[in-house]
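Asks: Sharing a model prediction with you, sequence too.
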Amino acid sequence: MEDTLDLVGRIYDASLDAALWPAVLEEIGGFVNGVSAALFWQDAFDRSAFVVHSWGEDPHYTRLYLETYAALNPMFPAASFVEPGVVFTGGDIVPPEEMRATRFHREWLAPQGIVDAANVNLHRYATSTAAFSVRRSEEQGTVDAEARRRLTVLVPHLRRAARIGSQLAGHARAARDLEDVLAAAATAVFLVDDEGRLGFVNQGGRAMLEQGDILAEREGTLRIRDAEANRLVREAVTRPAPPADARKSVSIALSHTPPCWMADVLPLSSGARLRHGQGYGARAAVFVRRAEIPVMSGLEVLARRHGLTASEVRVLQAVTGGGSIDDIAAQLGLAVSTVKSHLKALFAKTGARSRVALVRDVAAHSGALR
């Protein structure tokens, strides 16, 4: 248990110091029993990808994935439909026998000896997902219940750390110190001491304080307009925290009517975070952001409504891009006969009578709220 809490603490350290992520990913890989791990982003529509942080990956195969195999990965776009925080495996999305028949398996997975992966979507957007994956080798075998359980324990902390880290993304490399990074963050950031007094406020935070409808500054102290939210934030910041809590972050709703706002309270009382906070006499960092409004793509709506398989969703996605059946087969790395078979299933399940009708259905159902 203590080792797990230490790992959670280091996950939050990495949220403020990106250079720590590779070592943290190695720890997570060992905890879940994997040979490599990655935090990555993938667009389900243009099939592009970007690896944010990784451990244990062969740079050659990473480059091949980004250049070629992201577009051939049979798990997408269906994998992006899995609710954030839910751990899933490759077999949950694409049956193993179907996966083994793909170019993606033959040319990318098999040469690396990868047989399975424990995956989780950290955050979802209309057309893309920020995800985390721990890959397993033939020696380790497919993902079992214990591996799922272990990753599930870490998921809430990975989600918060990734969200905090993404708020600072793109600025850390150019920044000379933490203040430069926090000042450049797009979200509102406040560093506060034991009594809630403000030690640092970035530009976004100043704008929210001046607007005054959600937050306020009273005698140099951060206040939340909602009384219950103010109590919870003050408690998260000022209470003497036991060692376990000092290694965790909490999320608190600041408002309950649109637009809704959330605060992520990150203790700065241990690990690398302690060094960041000492320069400001700060006990915690409070990140204030708009709550995510989940929106479903037309593909996801139809997939859920009609029970489409991952392969059928891939073909449907390719159909929306136009081109002949031969073009679609080449694009997806499938046989023409396989594409025709999936199209037949799509027509039967959706009731559409042509590819044009399928495209219209996707467009008609885009933008639905989850």
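Replies: Structure received. Numbers count the residues shown, from 1 in each chain.
Asks: Low-confidence regions, the protein specifically.
Replies: The chain contains residues with pLDDT under 70 at 1-3, 126-127, 165-186, 239-249, 269-280, 292-296, 366-370.
Asks: Strands along this protein, start to end?
Replies: For the chain, the strands defined by DSSP state E cover 36-43, 49-55, 87-89, 114-124, 128-137, 188-192, 198-201, 215-218, 221-224, 250-253, 261-267, 284-290, 295-296, 368-369.
Asks: Pipe the ones you listed into CSV and attach distance to Lys344 and mean neighbour count per row.
Replies: C-beta coordinates here come from the backbone N, C-alpha and C atoms, glycine included. Below are the strands of the chain laid out as CSV (distance: least, C-beta to C-beta, whole Å; neighbours: other C-beta atoms under 10 Å):
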stretch, distance to Lys344, mean neighbour count
strand 36-43, 28, 22
strand 49-55, 30, 18
strand 87-89, 28, 20
strand 114-124, 30, 22
strand 128-137, 29, 22
strand 188-192, 52, 26
strand 198-201, 60, 19
strand 215-218, 56, 17
strand 221-224, 56, 19
strand 250-253, 46, 17
strand 261-267, 45, 22
strand 284-290, 43, 23
strand 295-296, 25, 17
strand 368-369, 26, 10
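Asks: Determine which of these approaches Val153 most closely.
Replies: Minimum separation from Val153 across those (C-beta to C-beta) falls at strand 87-89, 10.0 Å.
Asks: In contact with Glu300, which residues?
Replies: Glu300 sits next to 77, 80-81 when contact means C-beta atoms under 8 Å, 6 or more residues apart in numbering.
Asks: Go again with 6 Å.
Replies: Glu300 makes contact with Phe81, according to C-beta atoms under 6 Å, 6 or more residues apart in numbering.
Asks: Check Ser80 too.
Replies: The contact partners of Ser80, taken as C-beta under 6 Å, 6+ apart, are 44, 129.
Asks: From Asp213, how far off is it?
Replies: 34 Å (C-beta to C-beta, to the nearest Å).
Asks: can I assume Val359 is in contact with Thr320?
Replies: Yes. Judged on C-beta atoms under 6 Å, Val359 makes contact with Thr320 at a distance of 5.2 Å.
Asks: Show me what counts as buried in stretch 145-165.
Replies: Neighbour-count burial for stretch 145-165, counted by 16 or more other C-beta atoms under 10 Å, picks out 147-148, 150-151, 154-155, 157-165.
Asks: closest to Ala345 among those?
Replies: Taking C-beta to C-beta as the measure, Ala345 lies nearest Arg148 of the buried residues of stretch 145-165, at 29.8 Å.
Asks: Make a markdown table out of the strands of the chain and add distance to Asp13.
Replies: Converted to a markdown table, those look like this (distance: least, C-beta to C-beta, whole Å):
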| stretch | distance to Asp13 |
| --- | --- |
| strand 36-43 | 15 |
| strand 49-55 | 13 |
| strand 87-89 | 23 |
| strand 114-124 | 17 |
| strand 128-137 | 17 |
| strand 188-192 | 16 |
| strand 198-201 | 19 |
| strand 215-218 | 27 |
| strand 221-224 | 23 |
| strand 250-253 | 16 |
| strand 261-267 | 10 |
| strand 284-290 | 12 |
| strand 295-296 | 33 |
| strand 368-369 | 35 |
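Asks: distance of Ile28 from Ala14?
Replies: In this view, Ile28 and Ala14 are 10 Å apart by C-beta to C-beta.
Asks: more crowded one of the two?
Replies: Neighbour comparison, Ile28 and Ala14: the larger count goes to Ala14, with 26 against 23 (by other C-beta atoms under 10 Å).
Asks: Find the nearest non-adjacent residue to the more buried one, please.
Replies: Leu20 (4.1 Å; C-beta to C-beta, 6 or more residues apart in numbering).
Asks: Tell me, how many residues neighbour the one you found?
Replies: 18.
Asks: Then the one 3 residues further on?
Replies: By the criterion of other C-beta under 10 Å, Ala23 has 13 neighbours.
Asks: so the residue nearest to Ala14 touches Gly9, yeah?
Replies: No. Leu20 lies out of contact with Gly9 (C-beta under 6 Å); the separation is 11.0 Å.
Asks: circling back: quick one: the residue nearest to Ala14 and Arg135, what's the gap?
Replies: From Leu20 across to Arg135, the span is 21 Å (C-beta to C-beta).
Asks: So which residue of the chain lies furthest out from the middle?
Replies: Distance from the C-alpha centroid of the chain peaks at Glu219, with 37.7 Å (C-alpha atoms, centre = their mean).
Asks: what's near enough to touch it?
Replies: Applying C-beta under 6 Å, 6+ apart to Glu219 gives no contacts.
Asks: Kindly provide the distance from it to Arg197.
Replies: 9 Å.
Asks: what's the answer for Lys344, then?
Replies: Distance of Lys344 to Arg197, computed by C-beta to C-beta: 67 Å.
Asks: Glu217 too?
Replies: Applying C-beta to C-beta, the value for Glu217 to Arg197 is 10 Å.
Asks: Do a quick rundown of the helices in the stretch 51-200 of the chain.
Replies: Counting by DSSP state H, counting those that start in this stretch, the stretch 51-200 of the chain has helices at residues 59-64, 90-93, 96-100, 103-104, 110-112, 145-168, 178-184.
Asks: Quick check: which of the ones you listed is nearest to Val233?
Replies: Nearest of the helices of the stretch 51-200 of the chain to Val233, taken as C-beta to C-beta: helix 145-168 at 15.1 Å.
Asks: No further questions, thank you.
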